[in-house]
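A.B. asks: My questions are about this predicted structure, shown below with the sequence.
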Amino acid sequence: MIEGRKILGSIGLGILTIFVIVAVFAPYIAPHDPHQMYRPMEHPSSSHLLGTNDIGNDILSEIVYGTRVSLFIAFVVSVISMLVGTSLGLVAGYFDKVGFLIMRVVDVVLTIPRLPLIIVIASFIRPSIWNLIALFLIFGWTMPARIIRSEVLTLRRRYYIDATKMIGGSDFYILWRHILPNVIPLVVVQFIMEAIHVILAESGLCFLGLGDPVAMSWGMVFHYAFECPIIYVSDVWMWWMLPPGLCIVFTVLGLTFVGYALEETFNPKLKNPFGGMER
Amino acid sequence: MTLLRISDLKTQFPTPDGIVRAVDTIDLSIGERETLGLIGETGCGKTVLGLTLMRLLQSSTKTEGTIIYKGTNLLKISEAEMRRIRGEEIAMILQNPTTSLNPVMRVGGQIAEAIRLHQGLSKRDAKEKAIEMLDAVRIPSPSIRVNEYPHEFSGGMKQRVMIAMGLACNPSLIIADEPTKGLDVTIKSQIMKLLKEVTEERAMLIITHDLGVARELCDRIALMYAGELVEYATTGEIFEDPLHPYTRGFLGSLPSNGLVPIPGMSPSLINLPDGCRFHPRCGHATELCRRKHPDMIEIEDGHFVRCFHA
Amino acid sequence: MLEVLGLTKYFSSGLIRKRYLRAVDDVSFKIEKGKTLGLVGESGCGKTTIGRLILRLTKPTGGKVLFDGIDLFALNRRELLAIRPRIQMIFQDPDSSLNPRMKIGTSIAEPLKLHGTIPKAKRGQRIRELIETVGLNPEHVNRYPYQLSGGQNQRVVLARILAMNPDLIIADEPTSSLDVSVQAQILNLMKDLQKKFDHTYLFVSHDLDVVRIMADRIAVMYLGRLVEIGETGDIYDCAKHPYTQALLSAATVDGGKERIVLKGETSSPIDMPAGCRFHTRCPRKRERCTIEEPELVEVGRDHYVACHLV
């Protein structure tokens, strides 16, 4: 079982690495400029491996550049959510009064149904990557803040916190040196969860036509394919709709595998099923 | 008459770091109405021995040897037969009553459960019996307490409930794992008084690290170190004439006996030392102890020691 | 060295109908420099709270604590930070007293780093000294707490504390989670350190056998109040309070003496009984005990008891 986790983790990491490389080196990997127009609706051939779309763009190049957009949104949202969520969670868990205020805000935000509201707002604002990112961020920080806070609440009762107070450690020092390192595993897991959520939500919004029409993400490729009536009556879906869909599926799968493997690394109890037998 | 005879018992767990030899070649016997104390420190394998007797370990553990209870080998019988033995013939009082009781089930229900599983009584009769059992372990106003939940009981009272559950089906042997651990001194006295009454009517195996408990309750004492027995004798002889250096060290490290510590610490059950397992901590260790693993020898009638120099 | 006067701590609960839990109620005692006071009582009697109050880890409700003549409760934040190194505490669970993600060496270096009394270049030397003083190996420095045993971790805690050069050490059941043979090592180490550095100890424990060895004077607590305080010898040979007598009879390992088994359990500190707090369990209760709360009275040289019967 433990070996299985390791293997899954490596597979997940492999998948993610490939996508990251594709995103970073998109100009070198993509066979064509994604905005260049060729003959529309061409079937796959040696010059267009996945054919061209209804306005003549090379589909493979679109998907390669789309990796950039999709991963960029997921990465930026997750990083900022984690920074904000973790800091607020740490403060909220350690200082009771401030914590009370922060948690009431979190409660309010969390009661709002996330995806429906995002759809509603997205349909009113000008669709652009930055607006999407801002929209995801409104909700992204709440779960990490709440989870980190509850962990801090237990951690701060440990004796080593009192012991550090006695050797003259300030509150900031205790948070930084003693509490933060112990919540990092949680932060990483939350980061992965958030990334999965953003990738799916972004694709969903694009699919509904609420994405940024200029920045072609996987979801947008999917959306345009879906809007083209030919897709229903021919084989075109096989190289136009399926590839971006598979990209989304594999990224989410890769993230999930990595999260699953990290869970074992962070939780020593899973390593040795007989540890603590005598306790 | 012998009620339970354990011979050559071995229990091993495979782990990623190696094989844990938690119980290694143990021979023991418990007579009817005898109280045997199994004493050892954290990690010596004493709890695992108790769980092995009840066959309560995970399937990945390897158990060898024989456990003969009233003529049947408990390691050979089917799981269904073992279920009948558990509770009806041998009951176990687990350590830590707080986690051993189901928090969302009434105390009476938990005692009645054991009775109904084994004796097929009706719900009402089982509850009557549960009240009777609570009364037997001296819980005041049992007919009210029977309907309460575990969190309404104090630590000492929960331990009484655990004992009541163990006694519920009138077993011939009770295995009590650290029955006084975590209890306050005055409550411990109360529980020991209760256990003393229990031991008068049936055989009992008390697993503990507390010599005071063992001295007061047990007829014979077996000391366990690093998975094996090192000394096995009557309670009197263990305290008056201890032969194994570990037994002597253990007694000497008690605060009331001068607080002389045993140097070093117990070995890990994965990485046991060659020769005598106690030699790295023993003041009398010789070349022989470092090379050869001693066997249990009978020094006097019924007094066994695992030491070359006893 | 330390003088505690009328120390009181009530915990309140409930927003509308406030209920008070009287954890510590009007407790006074003194400890001379270089001596040890053993504070004994059962769980929930307030003994741990006293330690935390002295360290100002918990806010007091009333009373005064004079440390070397300085009123600890009157200090502001800065003055408190300045005095804190001189008072240190050892907690009962060594495994949670150390940050699990910090190497042993880093943990020991932390107090040196925070205080900066020793220049960086000499820190390594000082850490080696500390490690040797508490009986650890230099190779332990690069390990994590989970790789060491409970006893070794408690040594690390002691090293950390020694790095601060404290005058007063509050030890809260420092060995209650350790095995007896290891307990003896730690207690002996604490005694050696006391001799070497002239530490003053407040030794909090439920184990009278341990306290007997460690303490010069003993204070016995019941439900937030002192019931008896005196020289260790006096307490052991002529305890006056029925509660102390019961504790003593329960603690001794030699089974010869008849145990005093108290009935019932400690009352809840929220619904405190009127009169003497112990009267609900006292074997020698009189009418007066249920009405009037006894004060500490001197019964011998430096020996005070709170009981109407003396």
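C.D. replies: Yep, it's here. Residues are numbered from 1 along each chain as shown, chains lettered A, B, ... in the order given.

A.B. asks: Can you report how many residues neighbour residue C:29?
C.D. replies: If you count neighbours by other CB atoms under 10 Å in any protein chain shown, residue C:29 ends up with 18. Where you see a C-beta, it was placed from the backbone N, CA and C, and this is true even at glycine.

A.B. asks: Compute the number of surrounding residues for the closest residue to chain B within the stretch 1-150 of chain C.
C.D. replies: With CB to the nearest CB as the measure, residue C:42 is the residue of the stretch 1-150 of chain C nearest to chain B, at 3.8 Å. Residue C:42 has 20 neighbours, counted by other CB under 10 Å.

A.B. asks: Was I right to think it contacts residue C:204?
C.D. replies: No. Residue C:42 lies out of contact with residue C:204 (CB atoms under 8 Å); the separation is 12.0 Å.

A.B. asks: Please, which helix or strand holds the residue most central in space within chain B?
C.D. replies: Compute the mean C-alpha point of chain B, and by CA atoms, centre = their mean the closest residue is residue B:207, 2.7 Å away. Using DSSP states H and E, the element containing residue B:207 is strand B:203-208.

A.B. asks: Just after that strand, pick out the following helix or strand.
C.D. replies: Downstream of strand B:203-208 (by DSSP H and E), the next one is helix B:211-217.

A.B. asks: I'd like to know which elements that following helix is packed against.
C.D. replies: strand B:35-39, helix B:185-199, strand B:203-208, helix B:235-240 (3 or more CB pairs under 8 Å, 6 or more residues apart in numbering or on different chains; DSSP states H and E).

A.B. asks: My read is that residue B:116 contacts residue B:124, right?
C.D. replies: No. Using CB under 8 Å as the test, residue B:116 is too far from residue B:124 to be in contact (10.8 Å).

A.B. asks: More neighbours: the two, which one.
C.D. replies: Of the pair residue B:116 and residue B:124, residue B:116 is the one with more neighbours under other CB under 10 Å, namely 19 against 9.

A.B. asks: what is residue B:86 paired to in the beta sheet?
C.D. replies: Going by DSSP bridges, residue B:86 is paired in beta bridges with residue B:90.

A.B. asks: and residue C:36, what are its phi and psi?
C.D. replies: When read as degrees, to the nearest 10, the backbone of residue C:36 gives phi -120, psi 130.

A.B. asks: Beta-bridge partners for it, please?
C.D. replies: residue C:201.

A.B. asks: Strand partners (parallel or antiparallel) of the host helix or strand of residue B:221?
C.D. replies: Per DSSP H and E: residue B:221 is located in strand B:220-225. Strand B:220-225 has its sheet partners listed here by DSSP bridges as strand B:35-39 (parallel), strand B:228-234 (antiparallel).

A.B. asks: what secondary structure does residue B:75 sit in?
C.D. replies: coil (DSSP: H, G, I helix; E, B strand; the rest coil).

A.B. asks: Provide a list of residues in contact with it.
C.D. replies: B:55, B:63, B:65, B:66, B:67 (CB atoms under 8 Å, 6 or more residues apart in numbering or on different chains).

A.B. asks: related to what we said a few turns ago, closest one to residue C:23 among the helices and strands packed on helix B:211-217?
C.D. replies: helix B:185-199 (19.3 Å; CB to CB).

A.B. asks: what about that closest one and chain C, any contact?
C.D. replies: Yes. Against chain C, helix B:185-199 shows contacts by CB under 8 Å from any CB of the partner chain at B:185, B:186, B:187, B:188, B:189, B:190, B:192, B:193.

A.B. asks: Residues contacting that helix, please?
C.D. replies: By CB under 8 Å, 6+ apart, helix B:185-199 touches B:33, B:35, B:137-138, B:154-156, B:159-160, B:163, B:167, B:174, B:176, B:179-180, B:183, B:204, B:206, B:213, B:216-217, C:42, C:206-208, C:246-247, C:249-251, C:259-263, C:265, C:281.

A.B. asks: Reformat the strands paired with strand B:220-225 as JSON lines; add distance to residue A:182.
C.D. replies: Listed next are those as JSON lines, based on distance: least, CB to CB, whole Å:
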{"stretch": "strand B:35-39", "distance to residue A:182": "37"}
{"stretch": "strand B:228-234", "distance to residue A:182": "39"}
